[in-house]
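> sequence plus predicted model, see below.
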Amino acid sequence: MSASFGERLRAALRARGPLCVGIDPHAALLDAWGLPQDPVGVREFGLRVVDAAAGRVGAVKPQVSFFERFGSRGFAALEDVMSAARAAGLLVVADAKRGDIGTTMAGYAQAWLAPGAPLEADALTVSPYLGGGALAEAITVALPAGKGVFVLAATSNPEGAAVQRGRTDVVGESVALRVARDVIALDAPHGDLGSVGLVIGATIDRADFSLDDATLRTVPLLAPGFGAQGAAPEDLRAGFGTLAGNVLACESRSILSAGPDRIAATIDERAARYQEVMGG
Ligand SMILES: O=c1ccn([C@@H]2O[C@H](COP(=O)(O)O)[C@@H](O)[C@H]2O)c(=O)[nH]1
């Protein structure tokens, strides 16, 4: 049997450390990079980020919205960028935040996680707003293919907390903790790390969401919020404690704003800071 996503993620974290470089071709960044505001521009931007990230980090996270805004030609650009990243040995986490009823989730999983699909990624971000059980069909597609999903639990943006810290019908259980419990029930980890993960922002205090280390022990974590949103590499240890080794630490604008000539050096600098924090 081929390796699970959790096993592949563990190998990438060991080899390259936690930094995950975002591929977010914001309009302002395209201008700053001297690239056109069209599908050619986002393709070129993405390919240059992939070139700089390859061999320096283990994973990249393309933000689908910035490609989607150009319609079918934007998606074609994204296909090229993701395929180049996977060919370069990078794990690709497609940040598309898909969420729907079970049968439709299976369609999203076919689109993003089925081997050979035009938009094939290694993992996909998904929304649990329709209930944890609604994700089961996506996971049924993902796991046999060695793919993963990251389920939004406690997001990095300040607006998220009002919903995610809310209480469920179980005494003392936050919405985020309920999502975590559902995710754990949907997975059967092969190694020390599962393939169904959670998005937990680096900017939040996990205690506010009752997300404790013991509950999340085997759960891969995708943590946006480092860099432009304020969290520093040192917050990886401070915020994630014993779970720090299971975290992909995402930075987009803080790295991309270095520009095409400085991006490789910036990735090296940032990756080294995370390795230092992790004692590597
Ligand atoms: O909770 C979340 C989930 C996803 N994101 C995404 O991550 C990047 C962050 O970009 P920065 O430039 O490093 O702030 C972006 O694609 C978000 O959509 C998030 O920020 N928070």
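Received it, and whenever you're ready, just let me know what you need. Because the structure is a prediction, the values reported are computed rather than measured.
> dump stretch 167-179 to PDB, keeping only the CA atoms.
Included here for stretch 167-179 are C-alpha records, laid out as PDB according to Å, rounded to 0.1, in the frame of the first residue of the first chain:
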ATOM      1  CA  ARG A 167     -20.800  26.100  22.700                       C
ATOM      2  CA  THR A 168     -22.400  23.000  21.200                       C
ATOM      3  CA  ASP A 169     -25.100  20.900  22.900                       C
ATOM      4  CA  VAL A 170     -22.400  19.000  24.800                       C
ATOM      5  CA  VAL A 171     -21.500  20.800  28.100                       C
ATOM      6  CA  GLY A 172     -18.100  22.500  27.800                       C
ATOM      7  CA  GLU A 173     -17.600  21.600  24.200                       C
ATOM      8  CA  SER A 174     -16.700  24.500  21.700                       C
ATOM      9  CA  VAL A 175     -17.700  24.300  18.100                       C
ATOM     10  CA  ALA A 176     -13.900  24.000  17.300                       C
ATOM     11  CA  LEU A 177     -13.500  21.100  19.700                       C
ATOM     12  CA  ARG A 178     -16.600  19.300  18.200                       C
ATOM     13  CA  VAL A 179     -15.000  19.700  14.700                       C
END
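> okay, buried residues for it please.
By neighbour count, with 16 or more other CB atoms under 10 Å as the criterion, the buried positions of stretch 167-179 are 174-179. In this view, the C-beta of every residue, glycine as well, is placed from N, C-alpha and C.
> any part of it near the ligand?
No: in terms of CB under 6 Å from any ligand atom, no part of stretch 167-179 sits within range of the ligand; the closest distance is 11.3 Å.
> now that stretch: how far from the chain's centre is it?
Computed by CA atoms, centre = their mean, to the nearest Å, the chain-centroid distance of stretch 167-179 equals 23 Å.
> list the contacts of that stretch.
Residues from elsewhere that reach stretch 167-179, judged by CB atoms under 8 Å, 6 or more residues apart in numbering: 128, 132, 151-154, 163-166, 181, 198, 209-211, 215.
> just the buried residues of the residues you listed.
Among the contacts of stretch 167-179, the ones that count as buried by 16+ other CB under 10 Å are 128, 132, 151-154, 164-165, 198, 209-211.
> inside strands: which ones of those residues?
By the criterion of DSSP state E, membership of the buried ones among the contacts of stretch 167-179 in strands covers 151-154, 198.
> pLDDT and distance to the ligand for those residues - can I get that in a markdown table?
Output for these, formatted as a markdown table (pLDDT from 0 to 100; distance: CB to the nearest ligand atom, whole Å):
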| residue | pLDDT | distance to the ligand |
| --- | --- | --- |
| Val151 | 98 | 11 |
| Leu152 | 98 | 7 |
| Ala153 | 98 | 9 |
| Ala154 | 98 | 8 |
| Leu198 | 98 | 10 |
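> of all pairs in the residues you listed, which one is the farthest apart?
Pairwise distances across these (CB to CB) peak at 10.7 Å, for the pair Val151 and Ala154.
> tell me, what's touching the two both at once?
Overlap between the contact sets of Val151 and Ala154, as judged by CB under 8 Å, 6+ apart, is given by 198-199.
> about what we covered before: need the buried residues of stretch 167-179 in TSV with secondary structure and pLDDT, can you?
As requested, the buried residues of stretch 167-179 are exported to TSV (DSSP: H, G, I helix; E, B strand; the rest coil; pLDDT from 0 to 100):
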residue	secondary structure	pLDDT
Ser174	strand	96
Val175	helix	97
Ala176	helix	97
Leu177	helix	97
Arg178	helix	97
Val179	helix	97
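> which one of those sits closest to Val60?
Of these, the one sitting nearest to Val60 (CB to CB) turns out to be Val179, at 24.7 Å.
> measure that closest one to the ligand for me?
According to CB to the nearest ligand atom, to the nearest Å, Val179 stands 13 Å off from the ligand.
> so that residue versus Arg10, what's the distance?
As for Val179, its distance to Arg10 is 22 Å (criterion: CB to CB, to the nearest Å).
> enumerate the residues of this structure near the ligand.
Residues of the chain found near the ligand (CB under 6 Å from any ligand atom) are 22, 24, 63, 95, 155-157, 199, 201, 224, 227-229, 250-253.
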